[in-house]
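[1] give me coordinates for this.
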Amino acid sequence: MPPATDGRDLFSKQADVYAKYRPDYPDEFIQRIVSAAPGRTLAWDVGTGNGQAAASLAKYFDRVVATDRSATQIEHAQQRDNITYKVTEPNMTWEDVERTVGPAGSVDLITVAQALHWFDFDEFFALAKKALRPGGVFAAWTYTPPEQVTPEVDAVSAAFYKITGPYWETARKITPDIDAVSDRYYQTTGPFWNPRVKYIEEGYATIPFPFVPVDGRDSTGPFPFETSKHWKYEDLIGYYKTWSPYNTAKEKGIDLLAPVEDELKAAWGDPQTERKVTWPLLLRIGKVED
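    Residues are numbered from 1 along each chain as shown. As a prediction, this is how the structure comes out:
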């Protein structure tokens, strides 16, 4: 499974904060995916990171195999008795899949959470389709910047997003004030985003998706969901520091948060105040032919 980019290497360097600050996935969202699978024997979570999705799948499947190219990420993974974590090579072959996950046609469900945009689509989908059993389901999802915090926070966050753009990932939906600041942060990151992050901004809608709809639906999505957390100010800052463009710029001696941090703090108000931070989730889901 050759990667299209080495962007995911950035996450290995920040695995501890990634595990702490990235959003979780609500049970109803996971249940929606699991309900489409033809069985509950084996699930494969690809690009598992710290195992957020794998831990959720473990509630429903006899066995979950969770793979990632980053040993550091897997060191921080959520442990469950029925999850097997494996570090894989970037250039994963079918022989690697067979040895690590199982034989052809043995997997009920394959999931990829916030990682599909890094993959070589053609080569990865060929492996996935071979691993899935007839009627097996493939689900991939992404989340876009958090929003609806406060207008002020959202605006600053958007500005930060723009700053990071050339280097680029965000949470908004806190309040209008906070969202406004967050938006400006997002804009500052623009020059540091990897080009493949465009697939996140497009809600995975433009990723080629060689699967057929499930549950009688007329498309494979993207279908909208959302997830949220209640955070203090330091949690939002911690989250922003997990962004790949922030860390790309940091390696070049540039602190992308510096131009907006004071304004973001002012927009938040009392740093100990907890605010609801919401991320839109976009799901692509389909199956191989029965």
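
[2] show me where this protein has strands.
    For the chain, the strands defined by DSSP state E cover 42-46, 63-68, 83-87, 107-113, 132-143, 149-150, 175, 223-231, 275-287.

[3] nearest to Thr188, of those strands?
    strand 149-150 (17.6 Å; C-beta to C-beta). The C-beta positions use only the backbone N, C-alpha and C, and glycine is treated the same way.

[4] contacts for the closest one?
    For strand 149-150, the external contacting residues (C-beta atoms under 8 Å, 6 or more residues apart in numbering) are 157, 172-179, 182, 236, 267-268, 275-277.

[5] most neighbours among those, which one?
    Ser182 (37 neighbours; other C-beta atoms under 10 Å).

[6] per-residue confidence for that one?
    pLDDT for Ser182: 76.

[7] the residue lying closest to it once chain neighbours are set aside bridge partners, please.
    Counting by C-beta to C-beta, 6 or more residues apart in numbering, Ser182 lies nearest to Ser157, which is 0.6 Å off, once chain neighbours are set aside. For Ser157, the beta-bridge partners under DSSP bridges are Arg184.

[8] now Ser157: how far from Phe209?
    Here Ser157 is placed at a distance of 30 Å from Phe209 (C-beta to C-beta, to the nearest Å).

[9] kindly report the same for Glu201.
    From Glu201 to Phe209 the distance is 17 Å (C-beta to C-beta).

[10] and for Gln272?
    44 Å.

[11] same thing with Tyr199?
    Taken as C-beta to C-beta, the spacing of Tyr199 relative to Phe209 amounts to 11 Å.

[12] if I pick Trp94, what's in contact with it?
    Counted by C-beta under 8 Å, 6+ apart, Trp94 has contacts Leu127, Lys130.

[13] now mean pLDDT and distance to Leu257 too, for the strands of the chain, in a markdown table please.
    Shown next, in a markdown table, are the strands of the chain (pLDDT from 0 to 100; distance: least, C-beta to C-beta, whole Å):
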| stretch | mean pLDDT | distance to Leu257 |
| --- | --- | --- |
| strand 42-46 | 99 | 31 |
| strand 63-68 | 98 | 27 |
| strand 83-87 | 98 | 31 |
| strand 107-113 | 98 | 25 |
| strand 132-143 | 97 | 20 |
| strand 149-150 | 82 | 16 |
| strand 175 | 73 | 19 |
| strand 223-231 | 93 | 16 |
| strand 275-287 | 94 | 16 |
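
[14] now for those, which one comes closest to Asp215?
    Taking C-beta to C-beta, strand 275-287 is the member of the strands of the chain nearest to Asp215, at 8.7 Å.

[15] now do the buried residues in that closest one.
    Arg275, Val277, Thr278, Trp279, Pro280, Leu281, Leu282, Leu283, Arg284, Ile285, Gly286, Lys287 (16 or more other C-beta atoms under 10 Å).

[16] looks like the last one contacts Gly135 (just checking).
    In this case it means Lys287. Yes. Counting by C-beta atoms under 8 Å, Lys287 touches Gly135, with 5.6 Å between them.

[17] where do the contact lists of these two overlap?
    Pro38.

[18] neighbour count winner among Tyr199 and Phe209?
    Phe209 (20 against 17).

[19] residue contacts, Lys265?
    Lys265 is in contact with Tyr233, Pro271, counting by C-beta under 8 Å, 6+ apart.

[20] and it, how far from Pro271?
    Distance from Lys265 to Pro271, by C-beta to C-beta: 7 Å.

[21] mind listing the shared neighbours of these two?
    Joint contacts of Lys265 and Pro271 (C-beta under 8 Å, 6+ apart) are Tyr233.

[22] quick revisit: which one of the strands of the chain is the most hemmed in?
    Of all these, strand 42-46 carries the top mean neighbour count, a mean of 28, counting by mean count of other C-beta atoms under 10 Å.

[23] what residues does that strand touch?
    1, 37, 51, 53-54, 57, 60-67, 101-102, 106-113, 115, 124, 128, 131.

[24] the nearest residue to Gly286 once chain neighbours are set aside: neighbour count?
    The shortest distance from Gly286 to any non-neighbouring residue, by C-beta to C-beta, 6+ apart, is to Phe211 (2.7 Å). Using other C-beta under 10 Å, Phe211 is surrounded by 21 other residues.
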